[in-house]
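sequence first, predicted model second:
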Amino acid sequence: MLESNSLKQEIVRELEFLQSMGTKIFLYPFVGRKMLEMFGYIITYILVLCTAVQLALTLFSFSTKDWLEIINVAPNLGVVIMTVIKYTKIQIHKEVYDEIFNHFRDDMWNIVGQNSPEHIRIIMKYKWITLMINRFLLYYSILLTIVVNSFPYLIMLYENKANGVTDEYLYPFDGWYPFDKVKWYTGAYIWESCMTAVVVCVYGFSNMIHASYVIFICMELRILGNCLEEILSPDNVAELSEGRNVTLIHSTVIRKLKIIITKHEFLAKRSAKLDAVLGDAMLLNYSLGAIFICLTAFTFMVVDNLYKSVRYFFMFASLLLEIFNHCFIGQVLSDHSENLTNAVYFSNWPNASPEAKKIMLMLVMRTQKPFKLTGNGYFAMNMNTFSSICSTSYQFFNLLRTVYL
């Protein structure tokens, strides 16, 4: 199979988009960063870590009776902790990210048929899916940053102009400070706005690159499946039945099967490494997701303050989106790896040589264990898990509504 430059460029453009986003938060290039880029990474890491410590101190400063304030701070703290985890994991496992990045940019294309309509359709479909997911995450991150950073100030202006309120001070995440934050309001507001933007950028890039990698893995699995289905063409079957080019056809089939198995093994190992990288964040999502979704949903419905209602609604939407993203890509990855088994059955395997049949059987046995994204191996991230989290959240929500309303 020959490499198709036009098809390759469709994927490379999306990889270049990820490259551009990663450069802005000092995560790209994954390997071989210059000293200035590493300095930027260290400074960003320290700032995000300071924000996590600040929110932890804010949480501990509240009385247990201030449940509304605890609900206000706890999800923010959880998000910042997950940001620290994701930022650190990408740096620690930079070789894995670099290897996957280079694979889809350079190494995958020897299995893509230059004139295969099915390969063209597969690549264009998955490129479009990746583009839609990445642009949605990008624009949602921009919208979220603008709303969180500007809404407190706009509400203050409105209250001042409409109601004459001059002693109300609102902040993007209202953290604790070792000084009078009212006296230094401008500095505190700028700090919280900047750190909100940094956290959202890191969070958004992490979701983009993981979703893109998983979608590209699924794309390659579909291409491998199509290669299996077409490994013996009708013309090959006709030639075999007539006894023509038998040795050449069987040797070509075995060579293609070995390439497919090598590609599948690479994808399996890299999927397992991605699972190990994402395990901590997914475990935290599963453990606290239902509680935070329930609390933020309940709070934005019961508070009679417009600012707090909008604030809690965006918290609720962002938490739900994060958990859905992990469960969705986990489900898609698992489904595509399982579907590779069907491709073997749909091929003309009865006409293959005994050696080729043995290789196909070995491939079927390997595909019986699907690729998975898990919470450190304790549970699989799929749509059943998402349904379970939503169900638990709704049960907690009904309990809170019964108790407090």
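Arrived safely, thanks for sending.

and the nearest residue to F62 once chain neighbours are set aside, how many neighbours does it have?
Leaving aside its sequence neighbours, F62 sits nearest to E69 (C-beta to C-beta, 6 or more residues apart in numbering; 5.0 Å). C-beta: built from backbone N, CA, C; applies to glycine. If you count neighbours by other C-beta atoms under 10 Å, E69 ends up with 15.

separation between E69 and T23?
According to C-beta to C-beta, to the nearest Å, E69 and T23 sit 38 Å apart.

and what of I90?
According to C-beta to C-beta, I90 stands 13 Å off from T23.

and K308, by the same measure?
Separation of K308 from T23 (C-beta to C-beta) stands at 37 Å.

picking that back up, the residue nearest to F62 against S61, yeah?
No - if you go by C-beta atoms under 8 Å, E69 and S61 don't touch, sitting 9.2 Å apart.

what sits closest to N134 if chain neighbours are left out?
M208 (5.0 Å).

number of residues surrounding that neighbour?
M208: 24 surrounding residues under other C-beta under 10 Å.

quickly find the element holding it.
Assigned by DSSP states H and E, M208 belongs to helix 185-229.

from the chain's centroid, how far away is the following helix or strand past that helix?
As assigned by DSSP H and E, the chain's next helix or strand after helix 185-229 is helix 234-242. Per C-alpha atoms, centre = their mean, to the nearest Å, the displacement of helix 234-242 from the mean C-alpha position of its chain is 45 Å.

ok, the nearest residue to S61 once chain neighbours are set aside - contacts?
Distance criterion C-beta to C-beta, 6+ apart; nearest residue to S61, sequence neighbours excluded, is W176 at 5.4 Å. Taking C-beta atoms under 8 Å, 6 or more residues apart in numbering as the contact definition, W176 lies against Q54, L57, T58, S61.

can you list the buried residues in stretch 179-192?
For stretch 179-192, the neighbour count (16 or more other C-beta atoms under 10 Å) marks K181, A188, Y189, W191, E192 as buried.

and the least confident of the residues you listed?
Checking pLDDT across the buried residues of stretch 179-192, the minimum falls on K181 at 91.

from I90, how far off is the residue nearest to N134?
12 Å.

which parts of stretch 292-306 are buried?
F292, I293, C294, L295, T296, A297, F298, T299, F300.

the fourth one and S393, how far apart?
Pointing back at L295 there. Distance from L295 to S393, counting by C-beta to C-beta: 9 Å.

same deal with I293?
According to C-beta to C-beta, I293 and S393 sit 4 Å apart.

same check on L257?
Taking C-beta to C-beta as the measure, L257 falls 47 Å from S393.

how about Y158?
Counting by C-beta to C-beta - Y158 and S393 are separated by 32 Å.
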